[in-house]
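Visitor: generate coordinates for the sequence data below:
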Amino acid sequence: MKHFRQELWFEIPGRRGFVNITSQLQHCVDQSGIQNGLLLCNAMHITASVFINDDESGLLHDYEEWLERLAPHAPISQYRHNQTGEDNGDAHLKRQVMGREAVVAITDGHLDFGPWEQVFYGEFDGGRRKRALVKIIGE
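Guide: Numbering: from 1, shown residues only. The predicted structure follows:
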C-alpha cells in the first residue's frame, strides 16, 4: 500500500470564508500516483473545517447566515471561552457543526463523488495562516 501526505495552506483575510479545494485535492491524487484508495482531508486548526457540499453561491451564503444565527460572534461576552482573552468562542462552535474532515474514495485515479459534490475548506476565525492535511492511502 502506498501513502502520500501534503499540507494545503490558507490565509482567509476576513473572519469567515469558504474555499473550494476540490481541484487541489485532485492535484494531490495526481501527484500521489495512487489509483484506488482513500483521501482524507482535515483542518489542522480547531476553528476551521473541511466539508463536502454543492458549490453554489446561494448555499454558501446560507451557511454564513445560518452559522451566524446559530453561534453569533457578538457579543463576545456570551462565550465563557472568551473570558480567557480570546474572541473566537463562536468559531469553535461553528467548526463543531461543520465538521473536521472529509473522506473521499479514489477510483481509477479520480475523486469518486456523487453529483454536485465538492470539498471545501471553511474558516471561522480568519486573519492568519492555517492549514489542512491531505493524506492519501491506496494502491
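
Visitor: report the contact partners of Phe124.
Guide: Applying C-beta atoms under 8 Å, 6 or more residues apart in numbering, we find Phe124 in contact with 15-16, 47-49, 67, 88, 90-91, 94-95, 98. No exception for glycine: its C-beta is placed from N, CA and C like everyone else's.

Visitor: quick check: next helix or strand after the lengthiest helix in the chain?
Guide: Among all segments of the chain classified by DSSP state H, the helix with the greatest residue count is helix 57-70. Using DSSP states H and E, the next helix or strand after helix 57-70 towards the C-terminus is helix 89-98.

Visitor: can you give the distance from that following helix to the centre of its chain?
Guide: Its chain's C-alpha centre lies 12 Å from the corresponding centre of helix 89-98 when counted by C-alpha atoms, centre = their mean, to the nearest Å.

Visitor: ok, and what's touching that helix?
Guide: With contact meaning C-beta under 8 Å, 6+ apart, helix 89-98 is reached by 15-16, 43, 46-49, 51, 63, 67, 70-73, 76, 78-82, 122, 124-125.

Visitor: PyMOL command for the buried members of those?
Guide: Buried residues among the contacts of helix 89-98 (16 or more other C-beta atoms under 10 Å), as a PyMOL selection:
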select buried, resi 15+16+43+47+48+49+51+63+67+71+73+79+82+122+124+125
